[in-house]
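J.: Provide a 3D model corresponding to the input given below.
(chains A and B)
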Amino acid sequence: MITKTLLRALDGKALWVLAALLLIAIAVPASNLALPSGHPLRVPDHFVPLLGKYLTYAMLALALDLVWGFCGILSLGHGAFFALGGYAMGMYLMRQIGDRGVYAHPILPDFMVFLNWKELPWFWYGFDMFWFSAVMVVVAPGLLAFVFGWFAFRSRVTGVYLSIITQAMTYALMLAFFRNDMGFGGNNGLTDFKDILGAPIQAGTTRAALFAASAVALGLCFLVCSAIVNSKLGKVLVAVRDAESRTRFLGYRVERYKLFAFTASAMMAGLAGALYVPQVGIINPGEFAPANSIEIVIWTAVGGRGTLVGPIIGAVLVNAGKSWFTGLFPEFWLFALGGLFVAVTLFLPRGIVGTLADAWHAMKARHRPASLEEGSPRPPKGSARMDPSPAE
Amino acid sequence: MSDRQTLLYLDGVSVSFDGFKAINNLSLIVGHRELQAIIGPNGAGKTTMMDIITGKTRPDEGEVFFEGAIDLTRLDETAIAELGIGRKFQKPTVFESHTVWDNLALALKKPRGVFSTWFYHPSQEDVARLDEILDIIRLRPRRDALAANLSHGQKQWLEIGMLLAQDPKLLLVDEPVAGMTDAETVETAKLLKEIARTRSVVVVEHDMSFVRDLAARVTVLAEGSVLAQGSLDHVSADPRVIESYLGR
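T.: Numbering: from 1, shown residues only, chains lettered A, B, ... in the order given. You can find the predicted model right below:
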């Protein structure tokens, strides 16, 4: 049954996306490592972690799209799950520093020595092991989302109220992580990483491997999301989005479906954060800032919510735009971002991918013999549309 | 109370909203395989009554029992739907961004858990049953159309089809023929009578010729309680009914 569900996830479109991701997972590192420096086709060194960062943002946007685009939960706090995954990875990287820190303490990270701490707090135990940290990368955000969602969805908090409390959640976490006595490095966060899995974190090969890992992880998340939205489960999620109370009267436990989507999404966001941190070299409480979470919403809206490809394209395009724009006119970026959001809402309400899919279906409908379909004004929605064929 | 003939039993139910008594000491019995029509002027409490039965509204007092022993006032919408009470809303509510087929497939009686829906694959019987329902509601040619693109009458029928797919013991049908042509109305009456051969159906309706077509026991509600019961001819001869409803 599970293999059948996976096979259904691998429809034509998903295969193309996976193939493209696999291709860049190989091509970018290969071009960076194999071609001589100065070669026109070589991806420059500083570009590898930058592109890798975009891929982790794409994962984050994809995770948000699963709850927002498909289940109608507008989370304005998804940055919190991303940051928690990032902190879990950051804690592992801190413990890998060992006695190479400024204070050369064999166990305690520098900031703890600086704060006169005598021993490691209990919640830092286990983070010297990669496998434990890798588990916490998804478990910590997943647990937070589960507990938060359990209460919110059971009390039927929906719409703008839910958005506000998700925003409050990330804001509260930001304030908490800013405090030095929380034990997460206060406002400096965690940085000065040296090794990951024994490999020096600054080395070209490590960066290439991290890039490839990000592309593969994005592919895996895409596959999971595709398996969800192309199943009956995905149809129930869309039903919840469009007519929640009707779904309830059909006998579905709406809160459980929301909880599932929210938790799964938070775990993907955590994984994205964990891949983000070694590539940018720092994690600090600024990642919890509400504005970050709102940016994720913009990426998703620009790319096209309710489609799986949309958020990936949106995240990469907006962030590429951000890198380029902040280089030229740094003080105007936020205005440009705001303007972009307004423009997309007004002129491309279904985002780039949604609009292209509409145009494509409209064109196909025009070329179809008129006898087959009469009066079907609204074309099916991009990849959000479920395959209605029951013949399997 | 736990009469074998009784499927649904309401006794002394009252509910008020901000001091306004929407339902006032209402008692009602629906038997097995009974077709019952409920009529009444606007504000008589017809929709509120359905809200109470389906768990959307909790009564302030009174008893609501299903199949003799199940207290519906303690259950929520989902649990009540699982018990086998299906509801069609006054305003047709179908899932507009799903196809007709998917709407029916979502309603089909199957395990409702998250993981069982994730790994669900329609069996041959499921497909056959859905095809059968498509024929009953005459939407087979529109099978792959989005529900948003259906006409109002077609949406009503799709929603009735979803009720059938749910395979409930009791169907609560709120104004099924609103927005339908005369021919469609006649067909709907036939369909509901057919359905009532195997399960209980409660129909709330304003359209008198439709209620006559149903040839069912009629309950007249007014100001939140039962005013009269009996055949349509019997209740329309009742002077109180004429005063409160038909005479207007």
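
J.: chain center to stretch A:83-102: distance?
T.: How far stretch A:83-102 lies from its chain's middle: 21 Å, per CA atoms, centre = their mean, to the nearest Å.

J.: can you pull the buried residues of it?
T.: A:83-97, A:101 (16 or more other CB atoms under 10 Å in any protein chain shown). C-betas here are computed from N, CA, C, even on glycine.

J.: Among those, find the lowest-pLDDT one for me.
T.: Across the buried residues of stretch A:83-102, the smallest pLDDT goes to A:Gly101, namely 90.

J.: Outside of the helix or strand where B:Met50 lies itself, list whatever touches it.
T.: B:Met50 is part of helix B:46-53 when elements are defined by DSSP states H and E. Residues from elsewhere that reach helix B:46-53, judged by CB atoms under 8 Å, 6 or more residues apart in numbering or on different chains: B:8, B:10, B:13, B:15, B:22-23, B:26, B:28, B:38, B:40, B:57-59, B:64, B:72-73, B:80, B:85, B:87, B:90, B:172, B:174, B:204, B:221, B:224.

J.: In this structure A:Phe148 contacts A:Met169, no?
T.: Yes - between A:Phe148 and A:Met169 there is a contact under CB atoms under 8 Å: 6.3 Å.

J.: Spatially nearest residue to A:Ile313, not counting backbone neighbours?
T.: A:Gly303 (4.5 Å; CB to CB, 6 or more residues apart in numbering or on different chains).

J.: quick one: that neighbour from A:Gln167, how far?
T.: Separation of A:Gly303 from A:Gln167 (CB to CB, to the nearest Å): 22 Å.

J.: Which one's more surrounded, the two?
T.: Neighbours per residue, other CB atoms under 10 Å in any protein chain shown: of A:Gly303 and A:Gln167, the larger number sits with A:Gly303, 29 against 18.

J.: how close does that one get to chain B?
T.: Using CB to the nearest CB, to the nearest Å, A:Gly303 is found at 19 Å from chain B.

J.: Hmm, that residue is touching A:Ile352, no?
T.: Yes - with contacts counted by CB under 8 Å, A:Gly303 reaches A:Ile352, the gap being 5.7 Å.

J.: intersection of neighbour lists for those two?
T.: A:310, A:313-314, A:317.

J.: are any of these buried, and which?
T.: Buried by 16+ other CB under 10 Å: A:310, A:313-314, A:317, out of those.

J.: on contacts alone, who are the packing partners of the lowest-mean-pLDDT helix or strand in chain A?
T.: In chain A, no helix or strand scores lower on mean pLDDT, DSSP states H and E than helix A:2-9, which sits at a mean of 76. Helix A:2-9 is packed against helix A:204-229, with contacts defined by 3 or more CB pairs under 8 Å, 6 or more residues apart in numbering or on different chains; DSSP states H and E.

J.: and the helix it packs on with helix A:2-9, angle?
T.: 100 degrees (axes from the mean of the first three to the mean of the last three CA atoms, to 10 degrees).

J.: follow-up on the earlier one: angles on the backbone of the residue nearest to A:Ile313, please.
T.: phi -70, psi -40 (degrees, to the nearest 10).

J.: Out of the buried ones among the shared contacts of A:Gly303 and A:Ile352, which comes closest to chain B?
T.: Nearest to chain B out of those is A:Gly310 (CB to the nearest CB; 15.6 Å).

J.: Same question for the helix or strand harbouring A:Val318: list its buried residues.
T.: For A:Val318, the element it lies in under DSSP H and E is helix A:309-328. Within helix A:309-328, the residues scored as buried using 16+ other CB under 10 Å are A:309-319, A:322.

J.: That helix vs helix A:204-229, what angle?
T.: Inter-element angle recorded for helix A:309-328 and helix A:204-229: 140 degrees (by the same axes, to 10 degrees).

J.: related to what we said a few turns ago, mind putting the buried residues of helix A:309-328 into JSON lines with pLDDT?
T.: Converted to JSON lines, the buried residues of helix A:309-328 look like this (pLDDT from 0 to 100):
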{"residue": "A:Val309", "pLDDT": "95"}
{"residue": "A:Gly310", "pLDDT": "95"}
{"residue": "A:Pro311", "pLDDT": "97"}
{"residue": "A:Ile312", "pLDDT": "97"}
{"residue": "A:Ile313", "pLDDT": "96"}
{"residue": "A:Gly314", "pLDDT": "96"}
{"residue": "A:Ala315", "pLDDT": "97"}
{"residue": "A:Val316", "pLDDT": "96"}
{"residue": "A:Leu317", "pLDDT": "95"}
{"residue": "A:Val318", "pLDDT": "95"}
{"residue": "A:Asn319", "pLDDT": "95"}
{"residue": "A:Lys322", "pLDDT": "92"}
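
J.: Got phi/psi on B:Val30?
T.: phi -120, psi 120.

J.: Low-confidence stretches in the chain?
T.: All of this is about chain A. A:1, A:368-392 (pLDDT under 70).

J.: if you could check chain B rather than the one you did, that'd help
T.: B:1-4, B:245-248.

J.: which stretches of it form helices?
T.: Ranges of helices within chain B are B:46-53, B:77-83, B:100-107, B:114-118, B:124-136, B:152-166, B:182-195, B:208-214, B:232-237, B:239-241, based on DSSP state H.

J.: what's the closest non-adjacent residue to the residue nearest the centre of chain B?
T.: Nearest to the geometric centre of chain B sits B:Leu172, at 1.5 Å (CA atoms, centre = their mean). In space, and not counting its chain neighbours, B:Leu172 is closest to B:Arg87: 4.6 Å by CB to CB, 6+ apart.
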